[in-house]
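Student: okay, sequence plus prediction incoming.
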Amino acid sequence: MTTLALHGLRKSYPGAGQAAVHGLDLTVASGSLTALLGPSGCGKTTTMKLIAGLLTPDTGEVTLDGSPITPLPPERRGVAMVFQNPLLFPHLTVAQNVGFGLRMRHLPPAEIAARAQDMLARVRLDGLGDRRPSALSGGQQQRAALARALVLQPRVLLLDEPLSSLDPGLRDEMRALIRTLQQETGITTVVVTHDQSEAVALADRIALMLDGRLAQHGPPQDFYRRPASQAVARFFGGTNFLPGRSESGQFHAALGALTLPPGAPEGAHVLTIRSEALRLRPGPNPVSARIDAVTFLGTQTRVTLTAQGVTLQALTTPDEATSLSVGAEVTVSLPPEALWLLPVA
Amino acid sequence: MSTSLRTLAALALMAFLILPLLPLAVWSLAQGWRFPDILPAELSTTAWAYALSPQSGVLESFGITTLIATATTLIAALVGLPAGRALGLYRFRGRGLVVLLLLAPAILPGIAVVFGLHGILLRAGLAGTVAGVILAHLVPVLPYMTLVLAAVFSRFDPTYEQQARTLGATPWQAFRTVTLPAILPGLLTAALFSFLVSWSQYLLTLAVGGGRVQTLPLLLYGFAAAGRNDLTAAIALLYILPGLLILALTARQITGRNTALVSGARP
């Protein structure tokens, strides 16, 4: 069990205008499965390589249980990394690939073979150990790559976009396998991903990186219910933003005065409500609106509305949407418990 | 191409390569072969006996030539591996200039280089020594080695090395267990050609060795100039031995489906 911490981690590349990682502070709890989430180019892969020791930070430190590992070379950090591509060594068999790290540690061949065998069984590749990597399917290769890292019992396991090279059908299987193995072994694990739904489905905690900085860190639900900024809310699919002023439990904005949940902060804010929480029927905080568009999305239907010049989006069931027609005037409601205030900037 | 056509082409190629060697074989066994006889009047093994005897110095020369070519190849590989890696994997300022400078010895005629080189080695006290000849041979050998390895490395994905490092391999372990197996076919091809380039050097050896380092090509020219056709033929046959051996060993690498320069570590 190891706590991984990043302190003021900063890395810029020569020639690039701005730093890839700006003073990142992050503590990954011991035994947790944390998703390092962000759009491409946000610095998450750079962060991963800084933890693995493949890059050296300009400033800042990486610690494991409080002791700095930044001066150590990759092979002495106890951090194993699985790359986006399986990168199985083509001249070795699958079992030899899985035993690779143990061989680097000069363990007896019999023990290496036994531990590789055992690990292959745990990723459901029993009997495929004698094959060449090229004889495995993409999903099998990814599982072999996972086995090759896990067999080392690393203090920290890093997975870089482990699902992105897989077909959608295989993703669920691989996601479940990662989750199971992580819980069985209790290895502190960081998964890099650009896909918020993947992060939500996989991780206990999410660290969202935007523009080289940590935007928010917490359990997945927080990113929907209590986003830290407009950027975070937008990254998680938020579309409804309403600037205004919070005063004694009321929010004064273009839509009039809305009742806020108890304990809402005072002052200038941007109000947000998730589109699935916006009700297309009268209720608390009623607002008259006109329907601009109804878009069928399969399991859900998106309804775009205008109220007092403010555009709002609501998600509803296709059944409920059948009664809605474009141009109709409706009364919608914004339940106070679904309202959340964001800082203006 | 159909199988029969392919066989025909192979036979034609073999005839093209081997037919010129037949007169050599006959010459090496001839005892007085005068125009317009189609075959020599008498056959004898005296030329071979002399060539293989210690007095002729042919075997000693064979040893020295092998030593020089082997040492040149090993040193070229040690220099060429990091240089080829840098050229193959990274785009950096001045890369074109480096390639041009590397190619220069291969473009320039040896005679243009040899006097300056001789002067330098003379001052270094290496003229007339085996070490000096090895240094001189590196001039034409290094470009081949480096440029072939650059081509090999340009098809190598260095992420494999990073993967090895994060699995606990030291830089040397990563090179030995991951990089080396991936580039080995290309490295072997480069080494074999480097060996042959050194093996066939005449001018550089003559100038730098000053006649004191007698490699096979020098010996061969000596006997040819003396008009000893039977001995020249016997030495020539010994001389082409490594070339034929290497051709046989690398034929699959150069023409086969697993051509060294094309097959890399990529899955």
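Tutor: Done, it's in.

Student: contact partners for whichever residue of the stretch 201-345 of chain A sits closest to chain B?
Tutor: The minimum distance from the stretch 201-345 of chain A to chain B, using C-beta to the nearest C-beta, falls at residue A:207 (20.3 Å). In short, each C-beta sits where N, CA and C put it, glycine included. Neighbouring residues of residue A:207 by C-beta atoms under 8 Å, 6 or more residues apart in numbering or on different chains: A:26, A:28, A:34-37, A:214, A:216-217.

Student: at 6 Å what do you get?
Tutor: Residues in contact with residue A:207, defined by C-beta atoms under 6 Å, 6 or more residues apart in numbering or on different chains, are A:26, A:34, A:36, A:217.

Student: again, but for residue A:224
Tutor: Here residue A:224 is in contact with residue A:236 (C-beta under 6 Å, 6+ apart).

Student: quick one: mean pLDDT over the helix or strand encompassing it.
Tutor: Using DSSP states H and E, residue A:224 sits within helix A:220-225. Helix A:220-225 comes out with an average pLDDT of 92.

Student: ok, then the element right after it?
Tutor: Toward the C-terminus, helix A:220-225 is succeeded by helix A:230-235 as the next helix or strand (DSSP H and E).

Student: which other helices and strands does that next one contact?
Tutor: With contacts defined as 3 or more C-beta pairs under 6 Å, 6 or more residues apart in numbering or on different chains; DSSP states H and E, helix A:230-235 has no packing partner among the helices and strands.

Student: alpha carbons only: can I get that helix in CSV?
Tutor: Only the C-alpha atoms of helix A:230-235 are listed here, as CSV (Å, rounded to 0.1, in the frame of the first residue of the first chain):
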residue,chain,number,x,y,z
GLN,A,230,-17.4,26.2,-15.6
ALA,A,231,-14.6,24.4,-17.4
VAL,A,232,-15.0,21.3,-15.3
ALA,A,233,-18.8,21.4,-15.7
ARG,A,234,-18.4,21.7,-19.5
PHE,A,235,-16.0,18.8,-19.7
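
Student: in that helix, what's buried?
Tutor: With burial defined by 16 or more other C-beta atoms under 10 Å in any protein chain shown, the residues of helix A:230-235 counted as buried are A:230-233, A:235.

Student: for residue A:204, what are phi and psi?
Tutor: For residue A:204, the backbone dihedrals (degrees, to the nearest 10) come out as phi -80, psi -40.

Student: that one - how many residues pack around it?
Tutor: The criterion is other C-beta atoms under 10 Å in any protein chain shown. On that basis, residue A:204 has 16 neighbouring residues.

Student: picking that back up, check which helix or strand covers the closest residue to the residue of the stretch 201-345 of chain A closest to chain B other than its chain neighbours.
Tutor: Distances taken as C-beta to C-beta, 6 or more residues apart in numbering or on different chains place residue A:217 nearest to residue A:207, at 4.5 Å, with adjacent residues excluded. Taking DSSP H and E as the definition, residue A:217 sits inside strand A:213-218.

Student: can you get me the start-to-end distance on stretch B:19-36?
Tutor: For stretch B:19-36, the separation between the terminal residues is 20 Å (C-alpha to C-alpha, to the nearest Å).

Student: my read: residue A:129 touches residue A:95, true?
Tutor: Yes - the pair residue A:129 and residue A:95 qualifies as a contact (C-beta atoms under 6 Å) at a distance of 3.3 Å.

Student: give me the contacts around stretch B:232-249.
Tutor: The set of residues external to stretch B:232-249 that reach it, using C-beta under 6 Å, 6+ apart, is B:24, B:27-28, B:47-48, B:51, B:58, B:192, B:199, B:216, B:220, B:223-224.

Student: try it again with 7 Å
Tutor: With contacts defined as C-beta atoms under 7 Å, 6 or more residues apart in numbering or on different chains, stretch B:232-249 is touched by B:24-25, B:27-28, B:47-48, B:51, B:58, B:62, B:192, B:196, B:199, B:216, B:219-220, B:223-224.

Student: in helices, which of those appear?
Tutor: Secondary structure assignment (DSSP state H) places B:24-25, B:27-28, B:47-48, B:51, B:58, B:62, B:192, B:196, B:199, B:216, B:219-220, B:223-224 from those within helices.

Student: now list the buried members of the residues you listed.
Tutor: Members of the ones in helices among the contacts of stretch B:232-249 that pass the buried threshold by neighbour count (16+ other C-beta under 10 Å) are listed as B:24, B:27-28, B:47-48, B:51, B:58, B:62, B:192, B:196, B:199, B:216, B:219-220, B:223.

Student: now for those residues, which pair is the farthest apart?
Tutor: Farthest-apart pair in those is B:47 and B:192; separation 29.4 Å (C-beta to C-beta).

Student: which residues of the stretch 51-200 of chain A fall in helices?
Tutor: With DSSP state H, counting those that start in this stretch as the definition, the stretch 51-200 of chain A shows helices at residue ranges A:94-98, A:100-104, A:109-122, A:138-150, A:168-185, A:196-202.

Student: out of those helices, which is closest to chain B?
Tutor: Proximity of those to chain B was assessed by C-beta to the nearest C-beta; the nearest stretch is helix A:100-104, lying at 3.9 Å.

Student: packing partners of that closest one?
Tutor: Taking 3 or more C-beta pairs under 7 Å, 6 or more residues apart in numbering or on different chains; DSSP states H and E as the contact definition, the neighbouring helices and strands of helix A:100-104 are helix A:109-122.

Student: alpha carbons of the helix it packs on, as CSV, please.
Tutor: The C-alpha trace of helix A:109-122 is given here as CSV (Å, rounded to 0.1, in the frame of the first residue of the first chain):
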residue,chain,number,x,y,z
PRO,A,109,13.9,-19.2,-13.9
ALA,A,110,11.6,-21.7,-12.3
GLU,A,111,10.1,-19.0,-10.1
ILE,A,112,9.7,-16.6,-13.0
ALA,A,113,7.9,-19.3,-15.0
ALA,A,114,5.6,-20.1,-12.1
ARG,A,115,4.7,-16.5,-11.4
ALA,A,116,4.2,-15.7,-15.1
GLN,A,117,2.0,-18.7,-15.4
ASP,A,118,-0.1,-17.7,-12.4
MET,A,119,-0.4,-14.1,-13.6
LEU,A,120,-1.5,-15.3,-17.1
ALA,A,121,-4.3,-17.3,-15.5
ARG,A,122,-5.4,-14.2,-13.6
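
Student: report whether that helix contacts chain B.
Tutor: No - using C-beta under 7 Å from any C-beta of the partner chain, helix A:109-122 stays clear of chain B, coming no nearer than 12.4 Å.

Student: for that helix, buried residues please.
Tutor: Within helix A:109-122, the residues scored as buried using 16+ other C-beta under 10 Å are A:112-113, A:115-117, A:119-120, A:122.

Student: so what touches that helix?
Tutor: Among residues not part of helix A:109-122, those counted as contacts by C-beta under 7 Å, 6+ apart are A:95, A:98-99, A:102-103, A:126, A:128-129, A:147, A:150-151, A:181.

Student: how far out from the middle of the chain is it?
Tutor: Put simply, helix A:109-122 sits 32 Å off its chain's centre (C-alpha atoms, centre = their mean, to the nearest Å).

Student: stretch B:144-162 too?
Tutor: Its chain's C-alpha centre and that of stretch B:144-162 lie 21 Å apart, by C-alpha atoms, centre = their mean.

Student: how far does it stretch from one end to the other?
Tutor: Across stretch B:144-162, the straight-line distance between its terminal residues is 28 Å, by C-alpha to C-alpha.

Student: JSON lines for the helices of the stretch 51-200 of chain A, including mean pLDDT?
Tutor: Conversion of those to JSON lines gives the following (pLDDT from 0 to 100):
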{"stretch": "helix A:94-98", "mean pLDDT": "96"}
{"stretch": "helix A:100-104", "mean pLDDT": "96"}
{"stretch": "helix A:109-122", "mean pLDDT": "95"}
{"stretch": "helix A:138-150", "mean pLDDT": "94"}
{"stretch": "helix A:168-185", "mean pLDDT": "91"}
{"stretch": "helix A:196-202", "mean pLDDT": "90"}
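
Student: who are the contact partners of the residue lying closest to residue A:149 once chain neighbours are set aside?
Tutor: Taking C-beta to C-beta, 6+ apart as the measure, residue A:149 lies nearest to residue A:80, with 3.9 Å between them; neighbours along the chain are not counted. Counting by C-beta under 7 Å, 6+ apart, residue A:80 touches A:149, A:152, A:154, A:157, B:166-167.
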